[in-house]
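J.: Need coordinates for the below:
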Amino acid sequence: MDCERCPWCGTDPLYQAYHDHEWGVPERDSRALWEMLVLDGFQAGLSWITILKKRDNFRRVFDDFDPERVARWGEEEVARALSDAGIVRHRGKIVSTVQGARIYLELQERPGGFAGFLWGFVGGEPIQTNPATPADVLTESAESRAMSRALRAEGFRFCGPVITYAFMQATGMVNDHLTTCHRHRAVAALAR
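T.: Model (predicted):
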């Protein structure tokens, strides 16, 4: 596809496919949202393309992001994950994922579940922005700061306001495709 894209995805075909088919598409599946929150947490201090290239390995290591299975992990499973070169081997982030799976299961029991909890920070509907240039795109917002505080209060880690804003962009809670990008209008239409 030869068209104008948001410049952050560069020329890497994997990154372009992610931009064209996933980034900004409203995601309302609780399990998929938890996976993205975990992956965005692993991104802290790294580039998203690093995580994207390892995403299949993360899925393999973390039992396809099945929160019920990950919530039962003990030290043996954590050690196995730490020895797997296919993912980012950071003990704190791996342990945080296990704890996050347990918290996810608790939040799923509440009205609206995990998805409802997260979408509540944007009033249940994607925020439509109209950035003309990359400089117009925020790195955090009042909503991402509120989400970060609430997630931390529940016990999540690696979910600061910049991470939660990237999460919101990725899962379509915010449409930050540039107005010149071929995906801007298409993603906005998905919100209706």
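J.: which ones are touching the residue lying closest to Arg55 once chain neighbours are set aside?
T.: Once flanking residues are discounted, Arg55 sits nearest to Leu39: 6.7 Å by CB to CB, 6 or more residues apart in numbering. The C-beta positions use only the backbone N, C-alpha and C, and glycine is treated the same way. For Leu39, the contacting residues are Ile51, Arg55, Phe58, by CB atoms under 8 Å, 6 or more residues apart in numbering.
J.: residues of the strand or helix carrying Leu39 that come out buried?
T.: For Leu39, the host element (DSSP states H and E) is helix 30-43. For helix 30-43, a neighbour-count test (16 or more other CB atoms under 10 Å) marks 30-31, 33-43 as buried.
J.: that older thread, and the residue nearest to Arg55, how far from Thr50?
T.: Relative to Thr50, Leu39 is positioned 11 Å away (criterion: CB to CB, to the nearest Å).
J.: now Gly74
T.: On the measure of CB to CB, Gly74 and Thr50 end up 28 Å apart.
J.: Who has more neighbours out of those two?
T.: Applying other CB atoms under 10 Å to Gly74 and Thr50 shows that Thr50 carries more neighbours, namely 12 against 8.
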